[in-house]
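Engineer: From the sequence below, what's the structure:
(one chain, ligands or ions: 1)
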Amino acid sequence: MTIRSLAGFALLFATASACRPSTRPSGPAPRDVARVSVIPAPVSLSVGSGAPFALVDSTPIVVDAPTDEALRIGEVLATLLRPSTGFTIPVTRGASATRRAILLRIDAARTDVGDEGYALSVTGDVVRIDAPTPAGLFHGVQTLRQLLPFGIESDMMTKREWSIPAVTITDRPRFAWRGAMLDVSRHFFTVDEVKQYIDMLALYKFNIFHIHLTDDQGWRIEIKSRPALTAAGATQVGGGPGGFYTQGEYAEIVRYAADRFLTVVPEVDMPAHSNAMLLSNPELSCGKRPPATYTGTEVGFSALCPDKEETYRLVDDIVREIAAITPGPYFHIGGDEVEALTHEQYARFVERVQEIVNRHGKRMVGWEEITKARLLPTSIAQQWNSDSARNAQRSGSKIVMSPGPKVYLDMKHTPSTELGLSWAGVNEVRVSYDWDPATYIVGVTESDILGVEAPLWSETVRNLASAQYLAMPRLPSVAEVGWSPQSARRWEDFRVRLAAHAPRWRLLGINYYASPQIPW
Ligand code: TNX
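Structural biologist: Next comes the predicted model:
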């Protein structure tokens, strides 16, 4: 593993936690009602003194919306509530006047909460979620889920009181891009494992699932016009067959994510990190050594030749096929850690690939190195290792913040964590929480930033339980960094809310690191 220089970080600074008083009114929680521990923290939340709403067998979910999409969200909520309560929970279409119901309403006039926000109110009489879009409604449902006792996550029926505290919430995200990345190349993850990773993201209102599909060790996606890509002996770190997704399986992942309002961003890493692609195209290799099956963890050695026309025919086939089965607007080209090419070769490559990506109807995303090329304003640079993403400003391109020393989920929690790497530091949960994307890089401010993303590289991650152990509890930190206003975020408050989520994870079968920083 290359030890990356930390010198670049001399230019960076992170704000210390701003200990402002909470803007949220807090009062004593009514008896028999769970403490309100919503993550990410809503923009405004007040706990009322009135009676909670009690779920009973006949409580209906009433959907007041013209579209079937809202009805489907009603079913999602019912599917959560039925097993643990044993209640019938019918889902019907109806009018907003209904009482003794959970009311889900699409109201296009609620522009105050943006594209993804919602308003939620709970009284003894009615629960109502109003949102201008289905995405907002879905996020409101996730908040409602977290307001219910954690036992709601169980698939075993329990006879008890199921009540929701009286609250009034208005909520909308700070950033449009709230992402998480999973590297399925260094170790392969099955479709089912990927779905379980997506489930965690949905609970915390992420809206981008970035899937790192290719790297030196393995090519993980079927390309019909280039069957040799998947046939050519892809492996994984430490050896073994790895695996790949057929286009049908990839489409299934995309659909599963879309049902949870997550956009899939596929990444094909190039021109470096391309050893697996070059196994079947060795004549296109301009790397430091000839392509051969690779099971190690070094980076930077492989490279696609930027001076051969056939390189761009291959890239075109790959981008065209993946773009055709990816409904989201983005295509990630990697672009990181190139050691074998000159600056000019690299810039030329990125500019040509940018054209290809655009021709197939997508916006190009790439790691911060792509700012060495002439970018289009629609292209997006993903910061990870230095302040070079700042160069995106030259073309008016937006930045996604993924600083390694804050949000790399593959960094160890402590020096003795069995899994993970430590080149960017040791990221205990507080580190992942206590920073502000808008002050992290000098000169990069809120309006330059599209959002934040937490990558999980999988050199040391062999299965889902390991992925969860590294992701949790830092994933909810990043969710709150991306969603909640900076002024509503306080570590002392977050750590207490976070503690309340562990029983939920245990019921959901989510593995986690029990950080001593959290009062579990
Ligand atoms: C850097 S972050 C990489 C990956 C490694 C990761 C390990 C980035 C753009 N490249 O190739 O897997 O570090 O933390």
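Engineer: Helix or strand for the residue positioned nearest the centre of the chain, just tell me which one.
Structural biologist: Nearest to the geometric centre of the chain sits A180, at 2.6 Å (C-alpha atoms, centre = their mean). With elements taken from DSSP states H and E, the one containing A180 is strand 177-183.
Engineer: So what are the sheet partners of that strand and their directions?
Structural biologist: Taking DSSP bridges as the criterion, strand 177-183 pairs within the sheet with strand 208-214 (parallel), strand 449-456 (parallel).
Engineer: closest to F261 out of those?
Structural biologist: strand 208-214 (10.3 Å; C-beta to C-beta). Where C-beta positions appear, they are placed from N, C-alpha and C, glycine not excepted.
Engineer: Would you mark the buried spots in stretch 335-355?
Structural biologist: By 16 or more other C-beta atoms under 10 Å, the buried positions in stretch 335-355 come out as 335-338, 340-341, 345-350, 352-354.
Engineer: Whichever residue of the stretch 201-350 of the chain sits closest to the ligand: what's it in contact with?
Structural biologist: Checking the stretch 201-350 of the chain residue by residue against the ligand with C-beta to the nearest ligand atom singles out D336 as nearest, at 3.4 Å. Applying C-beta atoms under 8 Å, 6 or more residues apart in numbering, we find D336 in contact with 269, 272-273, 366-369, 384.
Engineer: what's the answer for R186, then?
Structural biologist: Contacts for R186 were tallied using C-beta under 8 Å, 6+ apart; they are 215, 217-218, 236-237, 297, 457-459, 461.
Engineer: Repeat that for R374.
Structural biologist: Under the criterion of C-beta under 8 Å, 6+ apart, the contact partners of R374 comprise 347, 351, 395.
Engineer: try 6 Å this time
Structural biologist: E351 (C-beta atoms under 6 Å, 6 or more residues apart in numbering).
Engineer: Distance check, it against A392.
Structural biologist: The span separating R374 from A392 equals 11 Å under the rule C-beta to C-beta, to the nearest Å.
Engineer: you'd agree G300 is up against E337?
Structural biologist: Yes. Distance between G300 and E337: 4.5 Å, which falls inside the contact criterion (C-beta atoms under 6 Å).
Engineer: Need the overlap of contacts for the two.
Structural biologist: Between them, G300 and E337 share these contacting residues under C-beta under 6 Å, 6+ apart: A272.
Engineer: Quick check: mean pLDDT of the strand holding A180?
Structural biologist: Averaging the model's pLDDT scores along strand 177-183 yields 99.
Engineer: Adding mean neighbour count, mean pLDDT and distance to the ligand as columns, could you present the strands paired with strand 177-183 in TSV?
Structural biologist: As requested, those are exported to TSV (neighbours: other C-beta atoms under 10 Å; pLDDT from 0 to 100; distance: least, C-beta to the nearest ligand atom, whole Å):
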stretch	mean neighbour count	mean pLDDT	distance to the ligand
strand 208-214	26	99	8
strand 449-456	24	98	6
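Engineer: Phi and psi next, for T88.
Structural biologist: T88 has phi and psi values of phi -70, psi -40 when expressed as degrees, to the nearest 10.
Engineer: From I61, how far off is it?
Structural biologist: Look at T88 and I61: by C-beta to C-beta, they are 11 Å apart.
Engineer: P290 now?
Structural biologist: Counting by C-beta to C-beta, the gap between P290 and I61 amounts to 60 Å.
Engineer: who has more neighbours, those two?
Structural biologist: Remark: of P290 and I61, I61 carries more neighbours, 23 against 10, as counted by other C-beta atoms under 10 Å.
Engineer: Can you say which helix or strand has T143 in it?
Structural biologist: Under DSSP H and E, the secondary-structure element containing T143 is helix 134-147.
Engineer: gap between that helix and the chain center?
Structural biologist: Relative to the chain's own centre, helix 134-147 is displaced by 17 Å; criterion: C-alpha atoms, centre = their mean, to the nearest Å.
Engineer: Show me where the chain dips below the pLDDT cut-off.
Structural biologist: Along the chain, the model assigns pLDDT under 70 to residues 1-34.
Engineer: For I61, give me phi and psi.
Structural biologist: Geometry field for I61 lists phi and psi as phi -100, psi 120, criterion degrees, to the nearest 10.
Engineer: quick one: secondary structure of the residue of the stretch 201-350 of the chain closest to the ligand?
Structural biologist: Here D336 is coil, with the state taken from DSSP: H, G, I helix; E, B strand; the rest coil.
Engineer: residues touching the residue nearest to the centre of the chain, list them.
Structural biologist: Under the criterion of C-beta under 6 Å, 6+ apart, the contact partners of A180 comprise 201, 206, 454.
Engineer: Make sure the second one is actually in contact with R178.
Structural biologist: Yes. F206 sits in contact with R178 when judged by C-beta under 6 Å, with a separation of 4.9 Å.
Engineer: so what's G117 up against?
Structural biologist: When contacts are counted by C-beta under 6 Å, 6+ apart, G117 touches 136, 171-172.
Engineer: How about L456?
Structural biologist: Contacts were defined as C-beta under 6 Å, 6+ apart; by that measure L456 touches 182, 409-410, 471.
Engineer: Could you pull out the helices in the stretch 251-400 of the chain for me?
Structural biologist: Per DSSP state H, counting those that start in this stretch, the stretch 251-400 of the chain carries helices over the ranges 275-278, 309-324, 343-359.
Engineer: so which of those gets nearest F261?
Structural biologist: Evaluated over the helices of the stretch 251-400 of the chain, closeness to F261 peaks at helix 309-324, with 20.8 Å, by C-beta to C-beta.
Engineer: The closest residue to the ligand within the stretch 351-500 of the chain - how many residues pack around it?
Structural biologist: Taking C-beta to the nearest ligand atom as the measure, the point where the stretch 351-500 of the chain comes nearest the ligand is W457, at 3.4 Å. By other C-beta under 10 Å, the residues close to W457 number 24.
Engineer: Also T67?
Structural biologist: Considering only other C-beta under 10 Å, T67 is surrounded by 12 other residues.
Engineer: Relative to the ligand, how far out is it?
Structural biologist: Applying C-beta to the nearest ligand atom, to the nearest Å, the value for T67 to the ligand is 39 Å.
Engineer: can you check T88 too?
Structural biologist: Here T88 is placed at a distance of 48 Å from the ligand (C-beta to the nearest ligand atom).
Engineer: For that residue, give me its contacts.
Structural biologist: Taking C-beta under 6 Å, 6+ apart as the definition of contact, the neighbours of T88 are D57.
Engineer: Can you check the distance spanned by stretch 465-480, start to finish?
Structural biologist: In terms of C-alpha to C-alpha, to the nearest Å, the two terminal residues of stretch 465-480 are separated by 23 Å.
Engineer: got the residues of the protein near the ligand?
Structural biologist: With the criterion set to C-beta under 6 Å from any ligand atom, the chain comes near the ligand through 299, 336-337, 367, 384, 408, 410, 421, 457, 459.
Engineer: Go through the residues you listed and flag which are in strands.
Structural biologist: W367 (DSSP state E).
Engineer: With respect to L508, which of the residues of the chain next to the ligand is nearest?
Structural biologist: Using C-beta to C-beta, these come closest to L508 at D410, 21.9 Å.
Engineer: ok, the closest one touching P455?
Structural biologist: No. Proximity of D410 to P455 does not meet the contact threshold set by C-beta under 6 Å, at 7.3 Å.
Engineer: ok so, going back, send the alpha carbons of the helix holding T143 over as PDB?
Structural biologist: Once non-C-alpha atoms are left out, helix 134-147 reads as follows in PDB (Å, rounded to 0.1, in the frame of the first residue of the first chain):
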ATOM      1  CA  PRO A 134     -42.200  11.300  -3.200                       C
ATOM      2  CA  ALA A 135     -38.600  11.600  -2.100                       C
ATOM      3  CA  GLY A 136     -39.600  14.000   0.600                       C
ATOM      4  CA  LEU A 137     -42.400  11.700   1.700                       C
ATOM      5  CA  PHE A 138     -39.900   8.700   1.900                       C
ATOM      6  CA  HIS A 139     -37.500  10.800   4.100                       C
ATOM      7  CA  GLY A 140     -40.400  11.700   6.300                       C
ATOM      8  CA  VAL A 141     -41.300   8.100   6.700                       C
ATOM      9  CA  GLN A 142     -37.700   7.400   7.800                       C
ATOM     10  CA  THR A 143     -38.000  10.000  10.500                       C
ATOM     11  CA  LEU A 144     -41.300   8.500  11.600                       C
ATOM     12  CA  ARG A 145     -39.600   5.100  11.800                       C
ATOM     13  CA  GLN A 146     -37.000   6.600  14.100                       C
ATOM     14  CA  LEU A 147     -39.700   8.200  16.300                       C
END
